[in-house]
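Participant: Only the shape, not the letters, is given here:
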């Protein structure tokens, strides 16, 4: 598997439904010392996953970035775009209950960019509450 570009365009976010697909995507991220990101199909809904451990000990995420990601995920929960029980970091992130593959890809790409310090895609995908 090729490493994901940073930022990763939504169409390139790995589809990791099933044990083998998930492990392949996770191992690839580890091999390239990159942030893991993927989407998984759960019946009629989607899950977004990201993990910074795969990027190695040299990869750090600023507290302000973690705060912005946490706020975005909580906003998605409040708007019923993601289910309760989401993981909001600071190392592992997961959102269940996303309604479409397109939206899951958009959120995964935005999360991936944010974990590399670029919050702009996240702000576009999840505009802050007024």
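Facilitator: Here it is on my side, so go on. From a predicted model like this one, the values you see are computed outputs, not experimental measurements.
Participant: Tell me where this structure has helices.
Facilitator: 19-31, 63-78, 101-114, 120-125 (DSSP state H).
Participant: just how off-centre is the first one within its chain?
Facilitator: Same thing as helix 19-31. Between the centre of helix 19-31 and the centre of its host chain there is 15 Å, according to Cα atoms, centre = their mean, to the nearest Å.
Participant: Now do that helix, average pLDDT.
Facilitator: If you average the pLDDT over helix 19-31, you get 95.
Participant: doesn't residue 19 make contact with residue 40?
Facilitator: No: taking contacts as Cβ atoms under 8 Å, residue 40 lies outside contact range of residue 19: 10.7 Å. Any C-beta I mention is one placed from the backbone N, CA and C, and that applies to glycine too.
Participant: Of those two, give the one with the bigger neighbour count.
Facilitator: residue 40 (21 against 8; other Cβ atoms under 10 Å).
Participant: tell me the contacts of that one?
Facilitator: Neighbouring residues of residue 40 by Cβ atoms under 8 Å, 6 or more residues apart in numbering: 15, 16, 17, 22, 46, 47, 49.
Participant: which of the residues you listed are buried?
Facilitator: Neighbour-count burial (16 or more other Cβ atoms under 10 Å) is assigned, among the contacts of residue 40, to 15, 16, 22, 46, 47, 49.
Participant: quick one: the fifth one from residue 129, how far?
Facilitator: Remark: distance between residue 47 and residue 129 (Cβ to Cβ, to the nearest Å) = 24 Å.
Participant: Let me know the pLDDT of residue 58.
Facilitator: For residue 58, the model assigns a pLDDT of 94.
Participant: Contact partners for the closest residue to it other than its chain neighbours?
Facilitator: Spatially, and ignoring its direct neighbours in sequence, residue 58 is nearest to residue 33 (7.9 Å; Cβ to Cβ, 6 or more residues apart in numbering). Counting by Cβ under 8 Å, 6+ apart, residue 33 touches 54, 55, 56, 58, 59.
Participant: now, which of the residues you listed lie within strands?
Facilitator: Among the contacts of residue 33, no member falls in strands (criterion: DSSP state E).
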